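Novice: Return a 3D structure for these sequence lines:
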Amino acid sequence: MKIGFSLLSAGALVCCVATANAAIDFEGLGDGVNVPAGYAGMNWDGGASPIMSLNGPAAGGGYGVMGTMLAFNPWEATPTGFYDPEGDDFQLVSFDFIAAWYTSLTYDFEGYNNGASTGQVLTANVGCFAVTNFVTGWTLPIDEVKITFVGSDYVEGYPGIGSGLHYGLDNIVIPAPASLSLLALGALVRRRR
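Specialist: Below is the predicted model:
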């Protein structure tokens, strides 16, 4: 993950991280466009169909409570996921997840590092009527998250609108490494002296 630094007039070094203790929320992206490589420091892999941003309220259902925009797996692409293009380690703390159509949809979120599974898996079973927030509890560093379809009840939540293994993903919390946070804190303390 690329981290930016800036020097203040007093000579203090302050770390600037867009995703530090904040959620990746896809706000500001266009409706129905592929999430661009490098967005929030990650590459977004949707298999044959790249992950796209989607206007939540326009999509109907519970999407609206996730904000204006969310990530969506078009054409039922599975597996999908996201990874640090530099291969830098990160932690996946939490995320919001919802099924697009089915009343019961199950996906596995699995952490990888250097191409190998870390053994950290979170099984997310969701419906299409309410967003669920998942907290991973993962402790090992990862550089990739793979999202793979496990199963569904094949009951459409919104008959006539569509059906499929589509999901909505939003508010992904990936904090800055602790060492960088301490560096920024140390710089602010030096500045106040």
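
Novice: thought A40 was touching I24?
Specialist: Yes - if you go by C-beta atoms under 8 Å, A40 and I24 touch, sitting 4.3 Å apart. Glycine gets a C-beta too; all of them are placed from N, C-alpha and C.

Novice: Need the residues touching each of those two.
Specialist: I172, I174 (C-beta atoms under 8 Å, 6 or more residues apart in numbering).

Novice: Compare the two and say which one has the larger neighbour count.
Specialist: Neighbours per residue (other C-beta atoms under 10 Å) separate A40 from I24, with I24 holding more: 21 against 18.

Novice: How about the contacts made by that one?
Specialist: Contacts of I24 by C-beta under 8 Å, 6+ apart are Y39, A40, M42, N171, I172, V173, I174.

Novice: Distance of it relative to N43?
Specialist: Distance, I24 to N43, by C-beta to C-beta, to the nearest Å: 13 Å.

Novice: do the same with F82
Specialist: Counting by C-beta to C-beta, the gap from F82 to N43 is 7 Å.

Novice: Those two: which has the busier surroundings?
Specialist: Remark: of F82 and N43, F82 carries more neighbours, 26 against 18, as counted by other C-beta under 10 Å.

Novice: gap between the closest residue to the more buried one other than its chain neighbours and T103?
Specialist: Spatial nearest neighbour of F82, chain neighbours left out: M42 (4.4 Å); criterion: C-beta to C-beta, 6 or more residues apart in numbering. Distance of M42 to T103, given as C-beta to C-beta: 30 Å.

Novice: Neighbour count for the two, which is higher?
Specialist: With neighbours defined as other C-beta under 10 Å, M42 and T103 compare such that M42 has more, 22 against 16.
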